[in-house]
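[1] A predicted structure for the sequence below; I have some questions about it.
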Amino acid sequence: MRKSNRSLLLVFCLSIIFFIPFTVKAAVKGQCSNCHTMHNSQDASAVVRGGSGVGWDGTGQLTGGSLSSTPNSYLLVTSCVGCHSSTTANTIVTIGANNIPIVYTMIAPTRPLAGGNFYWVAQGDDTKGHNVYGIAGADSNLSTAPGRNILGCANSCHDTLADPPGSNNYQRGGCQGCHVYTAHHDDTKPWYRFLKGHGQPPFQNGSINYSDYVTGVEDSDWEYTTDPSTGDHNYYHGTTAQYSEGNGLGNYQTITAFCQGCHGVFHGTPDVPSPGDGMGTSSPWIRHPTDIALPTTGEYAGYDPTGAGYSTEAPVAWIDPANPTRAEAIVMCLSCHRPHGSDQPDMLRWDYTTMIAGGGGSGGCFTCHTTKN
Amino acid sequence: MLRKCNIIIAIVFVLSILVVSLPALTEATITGECSNCHTMHNSQNGSAVNASGPNELLLKADCLGCHAMGTANRIETLGTSSVPQVLHTDPAGDLAGGNFAYITGTGGYSADDTHGHNVIDFGVAYKEDVNYNPPGAYHAGQPTADELTCAGKNGCHGIREVSSSGVTGILALKGAHHGNVNGQLSVADTVANSYRFLWGVKGYEAGNWQNIDSNNHNEYFGASSPLDYNTTGCGSCHDSSVTYVKPNNQTISGFCGGCHGNFHLLDGIGGDTTAPFTRHPTDIIIPSGGEFDAYTTYNIDAPVARTTVPSAPSSTVSSGTDVVMCLSCHKAHATAYPDMLRWDYTTIVTGGSGGCLICHTGK
């Protein structure tokens, strides 16, 4: 009997170990020369590639754009966009021991990663992605981030990601408008997908150590493959705490609080800081709520995102991403949107025009709103 | 009698002082029979000593003739003279500056133009085919692949006078061998008292021309910042009249920067001495408080420079004090690896060891 108990205990422990998401070391691997050039000089030629169209081809070579005699900071062979782009449809480029996640493919991606893909917005449909410098020009429909509340911060960071690095965005245009700080060689930084803010006041001494970063558990292949039955997906961080524009990210470190940095009107208590702002404090909401608990009753009881029931189409966040429980599932911005871009207007994860109430469909909105189909 | 003794004692006393207090000037100067290196008339027993004709300075051979014999000894002995070899097949390894056999293929060494400086003294067959101008040249007019020599106006060793009267070859080293100083070289105002006859470069010369281990090696001189062309202009690399090339800050990296200025001058590395850099910096203090703190024992595969010229080699590396230099990654003559690196760059992978990771311990 004692042996049985020990066996049961062992099985129990092992099951916990295999179902708890764990942090995988994500620091870049491989040869230094994959990403760096010491002097921007090789065989009497520059190495740095700049301009539009830079990306990895199907043979693992950086191509496109043009060679530039101007070296890059950090001795990089190309820009953020260049390194995370591909001239193929592949969304992971493998060079030796290095797997590079691709967020912009110049051919329609066969398997977009969790954050989505800039392909569609680069093709000219501004509704299908964030317009990031180096990928797409300024949004033709929007002059500022939808739902933006200035809150005393008047520079262009919160207006557009399409501006080049300059004095109006702390030299962080484009990708670094969201991924403000990066740590490719440092696994000790707790910043989920390098989503770290600028600190308060912005970019002062110590801002890199400020608490304004997103936490969560990163899927090791950026959701190139997913399998909810084995827990193979991202685990986002959410909260039920109510917050408005200000230091939501610094205080709660959720993915939604990060989005709120530019789209603050869409989240928070009503009329705070300005009349008409916010989503409300409880149902009935005035805007689709985020960073609220996914109720366990009513129609929402039909969606159990723990274990195999997790929908990568309509994901949830968790109060404790390392220990997800049904009661702590949180609705977040990314339950409906892809942060980079998608094949759908408004960067949605599904075709909104097919969401027909009473139409008997499934998926999309109906993943959570299980009785409205 | 007493007076004679006193005189003798006095003489002995004075001589002892002289012997003890004289710097080791005579230890480093070339020694041995004159005939080891010189021939008065290029004639002996009815034959020419040098079949191709007499050499300047009455030398039996040119630079390569003495220093690139291609034998199995990295230090050759001529009579009682020890002569360092920069081209050899000694299985014990190379001297600190490297081995040109990696360019010529002597002894079956893996050879390639990318392995070293292709000095034309070796002949047209070994001339650089790809880089016509020095990589990172700050301006036109620097020695081209057709011109690079061991010494002189188009070379590295000796006086580098850029004017039309500048000399090349052994003439640029006139007087240096016989006036050579080794050990601590903190003045470097002549070729003889400069590090490895690199006129103007300070440093500490290991007596056997080798970097052997953490306790027995050269000591290189570095600075806390390369000069800034925007501030010092032509004076970054030249004397005030632009007659000569002078090493920036008298450092070994500043010497390299004389030809490879874009790789070294402040505006070439990003404009200041703090990260992020646009090119790998040299002549900056290795930062403290991060990954570099773990590099504490001198490694001859990634040597560092010092901001003061030491009187003896030290086995300690101190972040916040010591300096990264060109020779931290490269050898000056030639190596077995492309780009004259000290190691195979293709084997430097994150999570591994050696090479770049000797300093970049966190990667």
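    Now that the structure is in, tell me what you want to look at. The shown structure was predicted, so the numbers you read here are calculated from the model rather than taken from an experiment. Residues are numbered from 1 along each chain as shown, chains lettered A, B, ... in the order given.
[2] make it CA atoms for all contacts and neighbour counts henceforth
    OK.
[3] quick one: contacts for B:L87?
    Neighbouring residues of B:L87 by C-alpha atoms under 8 Å, 6 or more residues apart in numbering or on different chains: B:H67, B:A68, B:M69, B:G70, B:T71, B:R74, B:N99, B:F100, B:A101, B:T106.
[4] And the fifth one, how far from chain A?
    Which is B:T71. Here the criterion is C-alpha to the nearest C-alpha, to the nearest Å. By it, B:T71 lies 31 Å from chain A.
[5] Ignoring the adjacent residues along the chain, who's closest to that residue?
    Once flanking residues are discounted, B:T71 sits nearest to B:H88: 5.1 Å by C-alpha to C-alpha, 6 or more residues apart in numbering or on different chains.
[6] burial measure for the one you found, as a count.
    B:H88: 28 surrounding residues under other C-alpha atoms under 10 Å in any protein chain shown.
[7] Up against chain B, what does the stretch 51-200 of chain A have?
    Counting by C-alpha under 8 Å from any C-alpha of the partner chain, the positions of the stretch 51-200 of chain A adjacent to chain B are A:P71, A:N72, A:S73, A:Y74, A:L75, A:L76, A:H185, A:D186.
[8] Please pick the buried ones from the residues you listed.
    A:P71, A:N72, A:S73, A:Y74, A:L75, A:L76 (16 or more other C-alpha atoms under 10 Å in any protein chain shown).
[9] And the furthest pair within these?
    Using C-alpha to C-alpha, these span at most 9.0 Å, a distance reached by A:P71 and A:Y74.
[10] so what's in contact with these two at the same time?
    Joint contacts of A:P71 and A:Y74 (C-alpha under 8 Å, 6+ apart) are B:T278, B:R279.
[11] From B:F122, how far out is B:I170?
    Taking C-alpha to C-alpha, to the nearest Å as the measure, B:I170 falls 15 Å from B:F122.
[12] More neighbours: which of these two?
    Shown here are B:I170 and B:F122; by other C-alpha under 10 Å, B:I170 has more neighbours (22 against 16).
[13] Residue numbers of chain B in contact with chain A?
    B:130-132, B:135-136, B:263, B:270, B:275-280, B:345-351, B:362-363.
[14] residues near the residue of the stretch 101-250 of chain B at minimum distance from chain A, how many?
    With C-alpha to the nearest C-alpha as the measure, B:N131 is the residue of the stretch 101-250 of chain B nearest to chain A, at 5.0 Å. Neighbour count of B:N131, defined by other C-alpha under 10 Å: 16.
[15] which residues does it contact?
    Contacts of B:N131 by C-alpha under 8 Å, 6+ apart are A:D43, A:A44, B:A145.
[16] A:S41 and B:P135 touch, don't they?
    Yes: between A:S41 and B:P135 a contact is recorded at 6.7 Å, counting by C-alpha atoms under 8 Å.
[17] So these two - more neighbours on which side?
    Applying other C-alpha under 10 Å to A:S41 and B:P135 shows that B:P135 carries more neighbours, namely 20 against 17.
[18] do you know how far the more buried one is from B:C259?
    8 Å.
[19] One more: B:Q44?
    42 Å.
[20] More neighbours: these two, which one.
    With neighbours defined as other C-alpha under 10 Å, B:Q44 and B:C259 compare such that B:C259 has more, 27 against 11.
[21] where does that one land in three-state SS?
    Here B:C259 is recorded as coil under DSSP: H, G, I helix; E, B strand; the rest coil.
[22] can you pull the contacts of the spatially closest residue to it that is not a sequence neighbour?
    Of all residues not flanking B:C259 in the chain, B:A137 sits nearest, at 5.5 Å (C-alpha to C-alpha, 6+ apart). For B:A137, the contact set (C-alpha under 8 Å, 6+ apart) comprises B:C259, B:H260, B:G261, B:N262.
[23] How much space separates B:A137 from B:C359?
    From B:A137 over to B:C359 (counting by C-alpha to C-alpha), the distance is 27 Å.
[24] Check A:Y300 too.
    Applying C-alpha to C-alpha to A:Y300 and B:C359 gives a distance of 55 Å.
[25] Who has more neighbours out of the two?
    B:C359 (24 against 16).
[26] Touching, the more buried one and B:T297? I think so.
    No: assessed by C-alpha under 8 Å, B:C359 is found out of contact with B:T297, at 10.6 Å.
[27] what's B:N299 in contact with, if anything?
    So B:N299 contacts B:D213, B:S214, B:I358 (C-alpha under 8 Å, 6+ apart).
[28] Touching stretch B:228-247 from outside, list them.
    With C-alpha under 8 Å, 6+ apart, stretch B:228-247 has contacts from B:159-163, B:199-201, B:227, B:248, B:254-258, B:265-267.
[29] if you set the cut-off to 10 Å instead, what comes out?
    Residues outside stretch B:228-247 that contact it (C-alpha atoms under 10 Å, 6 or more residues apart in numbering or on different chains) are B:138, B:153, B:156, B:159-166, B:198-202, B:226-227, B:248-250, B:253-259, B:261, B:264-268, B:271-272.
[30] Just the buried residues of those residues.
    B:138, B:153, B:156, B:159-162, B:166, B:198-202, B:226-227, B:248-250, B:253-259, B:261, B:264-268, B:272.
[31] Without its sequence neighbours, what residue ends up closest to the residue in the stretch 51-200 of chain A that chain B sits nearest to?
    Nearest to chain B, among the residues of the stretch 51-200 of chain A, is A:S73, at 4.3 Å (C-alpha to the nearest C-alpha). Distances taken as C-alpha to C-alpha, 6+ apart place B:T278 nearest to A:S73, at 4.3 Å, with adjacent residues excluded.
[32] ditto for B:S43
    Leaving aside its sequence neighbours, B:S43 sits nearest to B:V49 (C-alpha to C-alpha, 6+ apart; 5.5 Å).
[33] residues touching the one you found, list them.
    B:H38, B:T39, B:M40, B:H41, B:N42, B:S43, B:L59, B:K60, B:A61.
[34] just checking, A:Q176 is part of a helix?
    Yes: according to three-state DSSP, A:Q176 belongs to a helix.
[35] Check the gap between it and A:N169 for me.
    Taking C-alpha to C-alpha, one finds A:Q176 at 10 Å from A:N169.
[36] Any chance you could list residues touching both of the two?
    Common neighbours of A:Q176 and A:N169, using C-alpha under 10 Å, 6+ apart, are A:C157, A:L161.
[37] Hmm, A:V93 is touching A:D221, no?
    No: with contact defined as C-alpha atoms under 10 Å, A:V93 does not count as touching A:D221 (11.3 Å).
[38] overlap in contacts of these two?
    Contacts common to A:V93 and A:D221, judged by C-alpha under 10 Å, 6+ apart, are A:N99, A:I100, A:P101.
[39] count of neighbours near the last one?
    Looking back up the chat, that one is A:P101. Neighbours of A:P101 (other C-alpha under 10 Å): 20.
[40] again, but for the second one
    A total of 19 residues lie near A:I100 under the criterion other C-alpha under 10 Å.
[41] The helix or strand hosting it pairs with which strands, parallel or anti?
    Per DSSP states H and E, A:I100 falls inside strand A:98-101. The pairing partners recorded for strand A:98-101 under DSSP bridges are strand A:92-95 (antiparallel).
[42] What's the mean pLDDT across the partner strand?
    On average, the pLDDT along strand A:92-95 is 95.
[43] quick one: contacts of it?
    Contacts of strand A:92-95 (C-alpha under 10 Å, 6+ apart): A:29-31, A:34, A:56-61, A:83-86, A:98-103, A:111-113, A:221-222, A:224.
[44] Quick check: ChimeraX command selecting the buried ones in those.
    Buried residues among the contacts of strand A:92-95 (16+ other C-alpha under 10 Å), as a ChimeraX selection:
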select /A:29,30,31,34,56,57,83,84,85,86,98,99,100,101,102,103,112,113,221,222
